[in-house]
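**Student:** Predicted model follows, preceded by the sequence.
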Protein chains: 2
Amino acid sequence: MNIPQTSFPRVVIIGGGFAGLAVARGLEAKELQVVLLDKHNYHTFQPLLYQVATGGLEPDSIAFPLRKRFNDIENFYFRLAEVTGIDAEKNEVKTSIGSLNYDYLVIATGSTTNFFGNKNIEKYTMEMKSIPQSLNIRSLILENFEEALLTSDLEERKKLMNFVIVGGGPTGVELAGALAEMKKEILPKDYPDLDIRLMKINLIQGADCLLKGMSPQASEKAEDFLIKLGVDVWKSLRVQNYDGNIITTNGEDHFKASTVIWAAGVKGASIDGLHAECVVERAARYKVDQFNRVTSHENIFAIGDVACMNTEAFPYGHPMMAQPAIQQGNLLAKNILALQKGKQIKPFVYNDKGSMATIGRNKAVVDLPKWKFQGVFAWFVWMVVHLFSLIGFRNKAVVFLNWMYNYIRFDRETRLIIRPYKQKNKYSFESDK
Amino acid sequence: MNIPQTSFPRVVIIGGGFAGLAVARGLEAKELQVVLLDKHNYHTFQPLLYQVATGGLEPDSIAFPLRKRFNDIENFYFRLAEVTGIDAEKNEVKTSIGSLNYDYLVIATGSTTNFFGNKNIEKYTMEMKSIPQSLNIRSLILENFEEALLTSDLEERKKLMNFVIVGGGPTGVELAGALAEMKKEILPKDYPDLDIRLMKINLIQGADCLLKGMSPQASEKAEDFLIKLGVDVWKSLRVQNYDGNIITTNGEDHFKASTVIWAAGVKGASIDGLHAECVVERAARYKVDQFNRVTSHENIFAIGDVACMNTEAFPYGHPMMAQPAIQQGNLLAKNILALQKGKQIKPFVYNDKGSMATIGRNKAVVDLPKWKFQGVFAWFVWMVVHLFSLIGFRNKAVVFLNWMYNYIRFDRETRLIIRPYKQKNKYSFESDK
């Protein structure tokens, strides 16, 4: 891999998401060699992927080149590589570009879509965990409308204009809201010769309320907002299968739809090689102690979505969101430096800053630890928080400009079909992952 | 194709480039049915493709959704379709989504890369005529740098860091300048462990000067700018072959390079179906009279790059640039309306507003009919003209913001590998065209 072996201990970090970036920044310019591995050369700001999928933002404005983030740091190495395995006995990771030994290993690989073993659903539904996947969704929505124009078969046209989102968490709720706004403001203008009433947006949630992790107020208000926007919300309904045409459920309802977006579950993106006892099987997350050390390994850490730390407040691990990832990354950097100096390391205590979701213009829900509110002000808070969380001045400025434009003009202008999705099966983009 | 047959005559326009947009806008809301066909759902602002290829601009900011451009117009229909043939006897075009009859046909298909029949060059070099192609170039440049880091073979590394641009017209000159600026400002910071001196940028021109169509002052100054930026300029040198590794020429020079960008020629994107006598064989452009009527057809017009109108000033047709395309489109719209009213139609007279090319920051060359100038002011003029030529307020604003940022920060931040190019042969993106 052409990385010099120096007298400094080597920290290998797998993954440049929120967790990986936090630990890498915390270790910078210290007497350590830091190697960051990622299969993309950019960091993705995942909370805004749904806006890329619905034409509100350019993909480049929610991504940041990883090399640029670190190009002022000595002793730092980035390599574009997919990690294929870990050999804990040899202290070595195996990657698509060769092996690399480590003194400390930080696994920050995040999460991946969970299809719960259903191969049909995996094959026919769309995921939204990466920029290429979001661009695929954007293309598919527009391609389906183009196709709906061409058919004279009413049933076929209804199918092409029927959108089903499975999963009523923040991703599903935000995507459903954005699609509903496209239906309201954009698509009738772009497709005047289509009967927009045929367009349906269905949000299917297995639990008995939306936004399960948030407060009842937030959950109810979000549902209320969505219904007012014209979304059909289905609760306590589980999708059982999808064959590319029809979605069957555990109830009487079934849906004939060309576009199904699967936002019903994530699991840890764990890597082959560690003992089974290190991994929570169902969730595919690494069992870690309060210092984020993976079970029975002194020098292997897992942080963020891929880590499962059992605490009293979170018996099944922390929520798979940006905040625990960033906080664990920040602490782990300090702990690794402490270990180097033979000092005491500190246990992780999660500082829950709250959570939020946006449904549409002037519509969001915010749960702070001591204050829960919904509506216009929540929406404003959501915007400010997300704007400031973006990395880089240029990204902030471009996103701000787009949001202002979209707000004033009721528009979403980046509706280009750049990656024709319908050719997916033909070309089978591996790069989508 | 599901387009209603009305009592209004139908104008079918093939291509939503500068020419196609101009004629479609000129016909709007008149007593005509206008059908615009394009294989993309967006208009591409081709003069700025090189900035997408070199990470300076997002793809979405130089493209504009065609439906949006026309969504206030009655009697207008857009269809996403590839035109495969013309049947002039039946007054019908054949497309990927079925046939369509026309009363007037406007061919505005623009131009395509001319490989002059060399299959190897077509297979192994990169083109830059579309957004997907520009993104491929961006990815390839960055992927080659990532790969150069991994090899310990010096010859291989040199090859990966050797960039060859064939063709010294505006595209080649602008791309070479932008690459030289990446070498100067960006790549040394991003790849501190690579010896940036190994990076070479070669610009190969068959003619004895760059920017053949411009003034000798512009040509000399552009060459001067490029040499100062570290580009190796080769004049009166013709590329004969490229096998993916080595470029051979008609001289003694050969080049070992992983990236070759072919900007050495374009030809008209003519369509199958019209008689051979209508087409200038070598250039693949339609022979048109002074009203842009295709030879021996009363109701078929060709405008822009694909049209070849012989005039005294331009015995081989007008230059294949935006200005003639826009002017021909504007006039043709008026002429079609005149024909409808039984009025006299007007011959095309080209109003040459001049031409310009930019080489890098503060470096451009401008030839106006009565004034030729180079340097900082030329660069400023180039920016203003291009900014105002972009369609849409959002695009103008985002491009302006990026330019300001890039200028102040000496940066080009959109350097993400979103379409891994090295997988091209594996997946063979047809959508690149």
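**Tutor:** Here it is on my side, so go on.
**Student:** Which secondary structure element is home to A:V23?
**Tutor:** Per DSSP states H and E, A:V23 falls inside helix A:18-26.
**Student:** quick one: buried residues of that helix?
**Tutor:** A:18-24, A:26 (16 or more other C-beta atoms under 10 Å in any protein chain shown). Just so you know, the C-beta spots here come from the backbone N, C-alpha and C atoms, and that holds for glycine as well.
**Student:** what angle do the helix or strand following it and helix A:18-26 make?
**Tutor:** Once helix A:18-26 ends, the next helix or strand along the chain (criterion: DSSP H and E) is strand A:33-38. Per axes from the mean of the first three to the mean of the last three C-alpha atoms, to 10 degrees, the angle that strand A:33-38 makes with helix A:18-26 is 160 degrees.
**Student:** What pairs with the helix or strand following strand A:33-38, parallel or antiparallel?
**Tutor:** Later in the chain than strand A:33-38, the nearest helix or strand by DSSP H and E is strand A:42-44. Paired strands of strand A:42-44, with direction, are strand A:63-65 (antiparallel) (DSSP bridges).
**Student:** Flag every buried residue along the partner strand.
**Tutor:** A:63-65.
**Student:** cool, and stretch A:289-297?
**Tutor:** Residues of stretch A:289-297 classed as buried: A:291-295, A:297 (neighbour count, 16+ other C-beta under 10 Å).
**Student:** now, among the residues you listed, which is nearest to B:I196?
**Tutor:** Nearest to B:I196 among the buried residues of stretch A:289-297, counting by C-beta to C-beta, is A:N292 at 38.0 Å.
**Student:** Next, the contact list for the closest one, please.
**Tutor:** A:301-303, A:307, A:309, A:328, A:331-332, A:335, A:348 (C-beta atoms under 8 Å, 6 or more residues apart in numbering or on different chains).
**Student:** CA atoms of the helix holding A:V23 as CSV?
**Tutor:** Output in CSV follows, covering the C-alpha atoms of helix A:18-26 (Å, rounded to 0.1, in the frame of the first residue of the first chain):
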residue,chain,number,x,y,z
PHE,A,18,-19.0,11.1,10.9
ALA,A,19,-17.3,8.7,13.4
GLY,A,20,-14.2,8.2,11.3
LEU,A,21,-13.7,11.9,10.6
ALA,A,22,-14.1,12.8,14.2
VAL,A,23,-11.4,10.3,15.4
ALA,A,24,-9.0,11.2,12.6
ARG,A,25,-9.3,14.9,13.3
GLY,A,26,-8.8,14.3,17.0
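**Student:** all helices of the stretch 301-433 of chain A, in order?
**Tutor:** Assigned by DSSP state H, counting those that start in this stretch, the helices in the stretch 301-433 of chain A fall at A:322-340, A:376-389, A:393-409, A:424-427.
**Student:** quick one, the third one and helix B:393-409 angle?
**Tutor:** With the same axes, to 10 degrees applied, the angle from helix A:393-409 to helix B:393-409 works out at 160 degrees.
**Student:** which outside residues touch helix A:393-409?
**Tutor:** Counting by C-beta under 8 Å, 6+ apart, residues outside helix A:393-409 touching it are A:45, A:48, A:56-58, A:60-64, A:361, A:383, A:387-388, A:390, A:411-414, B:58, B:393-394, B:397-398, B:401-402, B:405, B:411, B:413.
**Student:** Counting neighbours, which of those end up buried?
**Tutor:** When the contacts of helix A:393-409 are checked for burial by 16+ other C-beta under 10 Å, the buried set is A:45, A:48, A:56-58, A:60-64, A:361, A:383, A:390, A:411-414, B:58, B:394, B:397-398, B:401-402, B:405, B:411, B:413.
**Student:** Please identify which of the buried residues of stretch A:289-297 is nearest to A:M320.
**Tutor:** Closest to A:M320 out of the buried residues of stretch A:289-297 is A:N292 (14.8 Å), distances taken as C-beta to C-beta.
**Student:** got the domain boundaries for chain A?
**Tutor:** Domain ranges of chain A: A:10-39+A:81-113+A:267-340, A:119-264+A:354-414, per automatic domain parsing.
**Student:** As a markdown table, these with mean pLDDT would be great.
**Tutor:** Output for the domains of chain A, formatted as a markdown table (pLDDT from 0 to 100):
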| stretch | mean pLDDT |
| --- | --- |
| domain A:10-39+A:81-113+A:267-340 | 95 |
| domain A:119-264+A:354-414 | 95 |
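**Student:** Get me the contact residues on the stretch 101-250 of chain A for chain B.
**Tutor:** By C-beta under 8 Å from any C-beta of the partner chain, the residues of the stretch 101-250 of chain A that approach chain B are A:131-132, A:135, A:142-143, A:146, A:149-152, A:189-193.
**Student:** What remains of the residues you listed if I keep only buried residues?
**Tutor:** Buried subset of those (neighbour count, 16+ other C-beta under 10 Å): A:131-132, A:135, A:142-143, A:146, A:149-150, A:190-192.
**Student:** Could you list which of the buried residues of stretch A:289-297 belong to strands?
**Tutor:** Cross-referencing those against strands under DSSP state E gives no overlap.
**Student:** now, which of those residues lie within helices?
**Tutor:** Among those, the subset assigned to helices under DSSP state H is empty.
**Student:** biggest separation within the residues of the stretch 101-250 of chain A next to chain B, which pair?
**Tutor:** Taking C-beta to C-beta, the two most distant members of those are A:I131 and A:S152; they sit 36.2 Å apart.
**Student:** OK, contacts around A:R412?
**Tutor:** Going by C-beta under 8 Å, 6+ apart, A:R412 touches A:54-56, A:181-182, A:185-186, A:406.
**Student:** Can you list which of those are found in helices?
**Tutor:** Those of those lying in helices (DSSP H): A:181, A:406.
**Student:** Now the buried members of the contacts of A:R412.
**Tutor:** Going by neighbour count (16+ other C-beta under 10 Å), those have A:54-56, A:181-182, A:186, A:406 buried.
**Student:** re earlier: what about the helix holding A:V23, near chain B?
**Tutor:** No - Helix A:18-26 lies out of reach of chain B by C-beta under 8 Å from any C-beta, never closer than 15.4 Å.
**Student:** Repeat that for stretch A:252-272.
**Tutor:** No - residues of stretch A:252-272 are not located near chain B by C-beta under 8 Å from any C-beta, the shortest gap being 16.0 Å.
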